[in-house]
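>>> output the structure for:
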Amino acid sequence: MKQFLTLYLLLLKATATTFAGLASLPVVRDELVLSRHMVTDHQLNASVVITRSTPGPVGLYVVSVGYFADGLAGALAGWLAMVTPSLAIICLLRFVGPRAKHPRVRGTLQAVVLASAGLLATSALPLARDAIADPLTLGIAACALVALLSKKVDAPAVIAGGAAVSLAASFLG
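Numbers count the residues shown, from 1 in each chain. Now for the predicted structure:
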């Protein structure tokens, strides 16, 4: 029970202090990989890949992280941590809703989004170093980056393409 509560509170800290799916990644990595060693960078990468390659919200990766940390109980802790901020926001909308157009409120939300983007970029680099292990994965990453920056290819297509190239390479040896 103590592990469940600790995991829930750590994941809740990540999901409640960020406002977009993968924006919580730096907090999760800092707490669960670097500080507490509950999961590895490889498991964190796998959680993101699992979530990005299946339908559903991007922030769902915290359920996979919870599973890697503590099995089914961890997955439940991750799910609860993912839905708690949303349920709290629904309750707060009644109060904040009429004030959402106020310049201070809008400015605050924009600052939070920009800070989250910066945090996401800083945590993406260590995960990329872990994922790019050979010339093939470097090539896949470079092609994926070009495709995503061109805005002509959707992220699921890029993921499927990378998976297909990797699978074909594994068959060819």
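>>> does residue 155 touch residue 52 like I think?
Yes. If you go by CB atoms under 8 Å, residue 155 and residue 52 touch, sitting 7.0 Å apart. C-beta coordinates here come from the backbone N, C-alpha and C atoms, glycine included.
>>> so for the two, which residue has more residues nearby?
Ranked by neighbour count (other CB atoms under 10 Å), residue 155 and residue 52 place residue 52 first, with 17 against 13.
>>> show the contacting residues for the more buried one.
58, 61, 155-156, 159 (CB atoms under 8 Å, 6 or more residues apart in numbering).
>>> only the buried subset of those residues, as a PyMOL command please.
Typed into PyMOL, the line below selects the buried ones among the contacts of residue 52, using 16 or more other CB atoms under 10 Å:
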select buried, resi 61
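>>> which ones among the contacts of residue 52 lie within helices?
61, 155-156, 159 (DSSP state H).
>>> tell me, what residue is most central in this structure?
Centroid check for the chain by CA atoms, centre = their mean gives residue 22 as the closest residue, at 3.0 Å.
>>> what residues are up against that residue?
By CB under 8 Å, 6+ apart, the contact set of residue 22 is 48, 58-59, 61, 120.
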